[in-house]
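In: any chance you could fold what I've pasted below:
(chains A, B, C and D)
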There are 2 protein chains.
Amino acid sequence: MANSQMPVGSDIEIRIERQSLHDAILSRLRDMIIEGHLPPGARLNEGHLGAQLGVSRTPLREAIKFLASEGLVELVPSRGALVKQFGAKEVRDMLQVISTLEQFAGRLACEVATAQGIAEIRALHDEMLACYRRGDRLDYYKLNQEIHTAIVALADNGALSEVHARLQTRLKRIRFIGHEGPEKWANAVAEHEEMILALEARDANRLAAILAEHLKRAWDRVRDGLGG
Amino acid sequence: MANSQMPVGSDIEIRIERQSLHDAILSRLRDMIIEGHLPPGARLNEGHLGAQLGVSRTPLREAIKFLASEGLVELVPSRGALVKQFGAKEVRDMLQVISTLEQFAGRLACEVATAQGIAEIRALHDEMLACYRRGDRLDYYKLNQEIHTAIVALADNGALSEVHARLQTRLKRIRFIGHEGPEKWANAVAEHEEMILALEARDANRLAAILAEHLKRAWDRVRDGLGG
DNA sequence: GTTCTGAAGGCTGTATACAGAATACTTGAT
DNA sequence: ATCAAGTATTCTGTATACAGCCTTCAGAAC
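Out: Alright, predicted model coming up:
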């Protein structure tokens, strides 16, 4: 029991070097949750996780507390932390709030965005289109999220970006699962195209309407995936 | 089946005492920050704070990490935690987001709220009026916040409530300072009255408009206080 | 007088140790 | 065979210990 000093195969210690250990553990845990390596409802065993990551329990526990405040993890007294699981209603709730936030962000963005900022989003969009054409779902999703995040960032409202990012993080795991068929995927891409056009025209009402519709369809897709 | 498991003594005392240390420290720190006992920009000395609260550094640090994720505290590598300070823009940003969220909540509430839920808000409002009449600013503010929180709760959207609460917590410290004159106070009370009426009539558009106006005036009051 | 350097002290970051609770397991009884 | 009770083990919660970094202050050089 006493000679388990050396942790085995911890790929984290190489990457840490610069980033504070706290942040490194945080990213790692987030990834593990999002990618489903730590499934919803799973218990986070501190000893086990610590050994796996090559860190002691102290900084690990601090990272877990951080994630708990972030809403990715649930703290149960005397029983540690569980990966939070979301039901259909909770997912719908989150998407509704995200939709509200993005509509607001879109309106603000049409007012205050710089031409360069809009151009950068167009660039992301083009990149995403390339992923779509070559059927690269993973990078497509990543860029999709980046675009939504970037639109929110254009609004130049720190609180808005932060709150949006928090909700989006929680949904990453869900959307990760959602695989829609080719025709729905094409629709989503078309919506994105309209979105960019509205932004470039700085048409706030149209952009807000498209964003609302886009998020509504996202919910439909997720709901189908959750069977309800 | 298990009477012998329940502690027989005063379970209230035990429960309060048994509130996990984590939560206890958390509440304590939040209060200290909100009430200005830990002023913005102040450094949180772990040894000192731990001694003051009568706990060791370990759970204290965990609570600090939690607050960091909550946005009340800022983590500086190798230098510990500072109480986050907000400039005028950041406050405006937060109020804009809160306004957006409350408008959405108001619309939802008009749809899904139960008559009982609305009645409870009316009760809170009456109580707040009593505070206003007797010039009890502290309890007035508390009930004011409670009413806004309750309206959001009526919308029955967990993510919405949570995000709203998070932003509201950060502003507590700011609003705590804001002391407006008698006429502005009277206006705020009048707005609240209209708000309740719109809710009781389930007039979503009117409620949203009033909430938007109410939050806009809140910003005006705060801005005056910050000299911007 | 000013500035650079170095040592000392304090504080944070991480690890380890210990105590209490929860869970799992074993054993005995019905 | 099933259930219950008691024990053993595992795991969390908290405290303490130690190492490294940051800050500060004193002293020397310019």
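In: can you give me the helices for chain A?
Out: A:12-16, A:21-34, A:46-53, A:57-70, A:88-112, A:115-133, A:137-154, A:158-177, A:182-200, A:204-226 (DSSP state H).
In: mind listing what's buried along the second one?
Out: Judged by neighbour count (16 or more other CB atoms under 10 Å in any protein chain shown), helix A:21-34 contains these buried residues: A:21-22, A:24-26, A:28-30, A:32-34. (Each C-beta comes from the backbone N, C-alpha and C, glycine too.)
In: could I get those as TSV with pLDDT?
Out: Below are these laid out as TSV (pLDDT from 0 to 100):
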residue	pLDDT
A:21	90
A:22	94
A:24	96
A:25	97
A:26	97
A:28	97
A:29	97
A:30	96
A:32	96
A:33	95
A:34	92
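In: relative to residue A:86, which of those residues is nearest.
Out: residue A:33 (11.9 Å; CB to CB).
In: relative to chain B, how far out is that closest one?
Out: Distance, residue A:33 to chain B, by CB to the nearest CB, to the nearest Å: 15 Å.
In: low-confidence regions, chain A specifically.
Out: Residue ranges of chain A with pLDDT under 70: A:1-18, A:176-179, A:227-228.
In: can you list the residues of chain A near DNA strand D?
Out: A:43-48, A:57-58, A:61, A:75, A:77-80 (CB under 7 Å from any atom of the strand).
In: with distance to DNA strand C and neighbour count added, can I get those residues in TSV?
Out: Below are these laid out as TSV (distance: CB to the nearest atom of the strand, whole Å; neighbours: other CB atoms under 10 Å in any protein chain shown):
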residue	distance to DNA strand C	neighbour count
A:43	9	13
A:44	14	21
A:45	11	12
A:46	9	16
A:47	10	11
A:48	14	10
A:57	5	14
A:58	3	14
A:61	9	22
A:75	13	19
A:77	7	11
A:78	4	5
A:79	5	8
A:80	9	15
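In: how about the residues you listed, which pair is most distant?
Out: Checking these with CB to CB, the most distant pair is A:48 and A:77, at 20.1 Å.
In: may I see the buried residues of helix A:21-34 organised as CSV, with distance to residue A:142 added?
Out: Below are the buried residues of helix A:21-34 laid out as CSV (distance: CB to CB, whole Å):
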residue, distance to residue A:142
A:21, 26
A:22, 25
A:24, 21
A:25, 22
A:26, 19
A:28, 18
A:29, 19
A:30, 14
A:32, 17
A:33, 17
A:34, 11
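In: and which of these is nearest DNA strand D?
Out: Closest approach to DNA strand D among those (CB to the nearest atom of the strand): residue A:21, at 11.8 Å.
In: picking up where we left off before, for DNA strand C, tell me which of the buried residues of helix A:21-34 show up nearby.
Out: By CB under 7 Å from any atom of the strand, the members of these lying near DNA strand C are A:21-22.
In: re the thing from before, so which of the helices of chain A gets nearest residue B:203?
Out: Nearest to residue B:203, of these and by CB to CB, is helix A:88-112 at 19.4 Å.
In: what distance separates the closest one from the centre of its chain?
Out: Between the centre of helix A:88-112 and the centre of its host chain there is 14 Å, according to CA atoms, centre = their mean, to the nearest Å.
In: packing partners for it?
Out: Contacts defined by 3 or more CB pairs under 8 Å, 6 or more residues apart in numbering or on different chains; DSSP states H and E place helix A:88-112 against helix A:137-154, helix A:158-177, helix A:182-200, helix A:204-226, helix B:88-112, helix B:158-177.
In: circling back to that earlier point, among the helices of chain A, which is nearest residue B:186?
Out: Checking the helices of chain A against residue B:186 by CB to CB gives helix A:158-177 as the closest, at 29.4 Å.
In: ok, and does that closest one reach over to chain B?
Out: Yes. Residues of helix A:158-177 are located near chain B by CB under 8 Å from any CB of the partner chain, namely A:158-160, A:162-163, A:166-167.
In: name the member of those with the most neighbours.
Out: Highest neighbour count within the residues of helix A:158-177 next to chain B: residue A:163, with 27 neighbours (other CB atoms under 10 Å in any protein chain shown).
In: picking that back up, would you format the helices of chain A as CSV with distance to residue B:106 included?
Out: Formatted as CSV, these follow (distance: least, CB to CB, whole Å):
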stretch, distance to residue B:106
helix A:12-16, 46
helix A:21-34, 33
helix A:46-53, 43
helix A:57-70, 27
helix A:88-112, 12
helix A:115-133, 31
helix A:137-154, 22
helix A:158-177, 18
helix A:182-200, 26
helix A:204-226, 17
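In: which one of those lies closest to residue B:147?
Out: Closest to residue B:147 of those is helix A:88-112 (CB to CB; 20.5 Å).
In: and chain A, which of its residues are near chain B?
Out: Contact residues, chain A versus chain B (CB under 8 Å from any CB): A:20, A:22, A:58, A:61-63, A:65-71, A:75, A:77, A:90, A:93-94, A:96-97, A:100-101, A:104, A:157-160, A:162-163, A:166-167.
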